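Engineer: make a model of this:
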Amino acid sequence: MMIVGRFSHAAQVSAVSTGSWIMQTITTAIVGLAMGTTILLGRKIGEGQPEEAGRVVGASIWLFAVIGAAVTVVMQLAAVPCTALMQAPREAFDSTALYVKICSAGSVFIVAYNVLGSIFRGLGDSRLPLVSVAIACLVNIAGDLLLVGVFGMAAPGAAIATVFAQAVSVVLSLVIIRRQKLPFALEKKNLCFHRELTGHIVKLGFPIAFQDVLVSISFLAISAIVNTLGVIPSAGVGVAEKLCGFVLLVPSAYGQAMSAFTAQNIGAGKPRRAKKALACGILTSLGVGVFLAFFTFFHGDILAGIFSGDREVVEAAADYLKAYGIDCLLVSFMFCMTGFFNGCGKTAFVMFQGIAGAFGVRIPVSYLMSRAVPVSLFGIGLATPCSTLLQILLCGIYMKAVSRDPVLANQEEG
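Structural biologist: Alright, predicted model coming up:
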């Protein structure tokens, strides 16, 4: 976004913003479904069953290979309709559709990376995904500078750089994996359709994926609402959302870690340890959240200025970011709590609270605020912290109810 904003105009920034949201929705679904692998694998490792863990990994590879192929074909056909559904500004329409087509052509790499990440999170190893994606990140930036900055390819250049970087990430992960001793036995016979395990992975992962997709759709709806206001608000919110995605990486990472840690400890019969981790996670995540909230609320113009030299776009982004400054505090609670529930296997509740926040609050509030006169991007952005607040309340109520679950209440630490 920063490179496109510096070397191109607002329409291209809008194209990357809208196209990214479409691809992010797909990625979110894959990540959510892959969480089923993380939870089940973590449980098998906690129970001390390496052979079963190997079967889980094999079933996951088969399942997501099929999903990757399907996504590639479907999105090549759906790129233009999705762009129209997003109400992309006329000046950015063609670039948005092309961005989606190029990115979706690399869906196999998106799927492969996220499956590998889910496997290693299930093992409690977050270092391998960090190393591979850090190198791929540098490759992505270099590709952006070359294709966007030097060759002036704008949004399509950014898409090509993204796909290439994802491919590098997957290859690096596989090279590193071959040199590591894994705590499970993965044999060729495991790389096949296993009805029971595949069903279990889907049962755990589908509610998370479904909820995450619907939440992403709610953000797509906000983006579509803002797109009707013109190219400057569209580009401004696009820049702000990119910044928000970066800022929210911290609580999001806590949530994923909480899922894996909880699953392993539940499998090992140590629920009290998982509950202690939840409290520690919330406190440490909140410590970072206070800093991020302050900087996002009071200095959003500085952050947005990194991504665009257009004064109007920067002002629009800064206005929208103030609402996310509030959300930075709230998500420290919400992500850790939902991560804990995912690790416990309570994925149906996580789906429910996510849908309630997205469709009960986020979309209605953003729509109403977009009809206010004068329109305020800060007002539209407030839909997000309002939604998060409802989700926290639901999580608190459910935490009281789930504390009576025999699995969580009666087992003692070994």
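Engineer: identify the residue spatially nearest to Val237, adjacent ones excluded.
Structural biologist: In this structure, Val237 finds its nearest non-sequential neighbour in Val226, 4.7 Å apart by C-beta to C-beta, 6 or more residues apart in numbering. Bear in mind the C-beta positions are built from the backbone N, C-alpha and C, glycine included.
Engineer: please tell me how far the one you found sits from Phe120.
Structural biologist: Per C-beta to C-beta, to the nearest Å, Val226 is found 37 Å from Phe120.
Engineer: out of these two, which sits in the more crowded spot?
Structural biologist: Just comparing Val226 and Phe120: by other C-beta atoms under 10 Å the higher neighbour count belongs to Val226, 29 against 24.
Engineer: and Gly48, how many neighbours?
Structural biologist: Neighbours around Gly48, by other C-beta under 10 Å: 11.
Engineer: that one in helix, strand or coil?
Structural biologist: Here Gly48 takes the coil state, with states given by DSSP: H, G, I helix; E, B strand; the rest coil.
Engineer: for it, what are its contacts?
Structural biologist: Residues counted as contacts of Gly48 (C-beta atoms under 8 Å, 6 or more residues apart in numbering): none.
Engineer: same question for Leu204.
Structural biologist: Residues near Leu204 by C-beta under 8 Å, 6+ apart: 35-36, 39-40, 345, 347.
Engineer: pick out whichever of the residues you listed sits closest to Ile135.
Structural biologist: Met35 (24.4 Å; C-beta to C-beta).
Engineer: what helix or strand does the closest one sit in?
Structural biologist: Using DSSP states H and E, Met35 maps to helix 10-46.
Engineer: so which elements touch the helix or strand following that helix?
Structural biologist: Counting by DSSP H and E, the element after helix 10-46 in chain order, helix or strand, is helix 50-85. Here helix 50-85 touches helix 10-46, helix 93-105, helix 107-122, helix 195-227, going by 3 or more C-beta pairs under 8 Å, 6 or more residues apart in numbering; DSSP states H and E.
Engineer: need these in a markdown table (columns: mean pLDDT and distance to Ala159).
Structural biologist: Formatted as a markdown table, these follow (pLDDT from 0 to 100; distance: least, C-beta to C-beta, whole Å):
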| stretch | mean pLDDT | distance to Ala159 |
| --- | --- | --- |
| helix 10-46 | 86 | 7 |
| helix 93-105 | 94 | 4 |
| helix 107-122 | 84 | 12 |
| helix 195-227 | 84 | 18 |
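Engineer: indicate which one of these is closest to Val175.
Structural biologist: With distances scored as C-beta to C-beta, the stretch of the helices and strands packed on helix 50-85 nearest to Val175 is helix 107-122 (11.6 Å).
Engineer: coming back round to it: quick one: which of the contacts of Leu204 is nearest Ala165?
Structural biologist: Met35 (23.1 Å).
Engineer: the nearest residue in space to that closest one that is not next to it in sequence - how many residues pack around it?
Structural biologist: If you skip the residues right next to it in sequence, Met35 has Ile208 as its closest partner in space, 4.8 Å away by C-beta to C-beta, 6+ apart. For Ile208, the neighbour count with other C-beta under 10 Å is 28.
Engineer: show me what contacts Ile208?
Structural biologist: Ile208 neighbours (C-beta under 8 Å, 6+ apart): 32-33, 35-36, 342, 347, 350-351.
Engineer: which two in the residues you listed are spaced the farthest apart?
Structural biologist: Across those, no pair lies farther apart than Leu33 and Val350, at 13.2 Å, counting by C-beta to C-beta.
Engineer: circling back: turn the helices and strands packed on helix 50-85 into CSV, columns for distance to Phe294.
Structural biologist: Below are the helices and strands packed on helix 50-85 laid out as CSV (distance: least, C-beta to C-beta, whole Å):
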stretch, distance to Phe294
helix 10-46, 25
helix 93-105, 33
helix 107-122, 30
helix 195-227, 24
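Engineer: of those helices, which is nearest Arg273?
Structural biologist: Distance to Arg273, taken as C-beta to C-beta, is lowest for helix 10-46 among the helices and strands packed on helix 50-85, at 10.8 Å.
Engineer: between that closest one and helix 107-122, how many degrees?
Structural biologist: 40 degrees (axes from the mean of the first three to the mean of the last three C-alpha atoms, to 10 degrees).
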